[in-house]
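In: Fold the stuff below for me.
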Amino acid sequence: MNNTDRASIFIVCLFYAVTLSSGYIIHRTLMDGRQSQVKRIILTINSNEINSDDNSTVVYEDNGYSQTVRKVHNASSIVSISSIYEQNGYKLEYISEFLKKVMDQDVVVTRIWFSKKK
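Out: Residues are numbered from 1 along each chain as shown. Take a look at the predicted model:
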């Protein structure tokens, strides 16, 4: 075997080593990024579905992965709903309110964004 053959084999082995090591580094970086994703929940509360007499509120919970879930909580205010989720480890990110017309009735729709580290 002459020197040219040895150099070619060395270059090919070096190429494989660089390819495998860079692939491993990219794979580890992507896996670390997936593990540190934040779980988010968006709550939608309509003002006409808050019943202070029965102390109940209908909340629509959207996690972005599946269908929106309708939940009824034993709370009669948005602040108490927010505190329920904060006690479960969620962090309040943002709150927005807007008016929506439902059958000639103005309804205040409140959206609350929560986040939680996985």
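In: what about the residue lying closest to residue 70 once chain neighbours are set aside, how many neighbours?
Out: Nearest-residue entry for residue 70: residue 60, 5.7 Å, with adjacent residues in sequence omitted and distances by Cβ to Cβ, 6 or more residues apart in numbering. Backbone N, C-alpha and C define where each C-beta goes, glycine included. Other residues within reach of residue 60, judged by other Cβ atoms under 10 Å, total 16.
In: Please report the distance of residue 97 from residue 48.
Out: In this structure, residue 97 lies at 14 Å from residue 48, with Cβ to Cβ, to the nearest Å as the measure.
In: my read: the residue nearest to residue 70 touches residue 69, true?
Out: Yes: Residue 60 sits in contact with residue 69 when judged by Cβ atoms under 8 Å, with a separation of 7.2 Å.
In: Report the beta-bridge partner residues of the residue nearest to residue 70.
Out: In this structure, residue 60 bridges to residue 44, residue 70 when assessed by DSSP bridges.
In: who are the neighbours in contact with it?
Out: For residue 60, the contact set (Cβ atoms under 8 Å, 6 or more residues apart in numbering) comprises 43, 44, 45, 68, 69, 70, 71.
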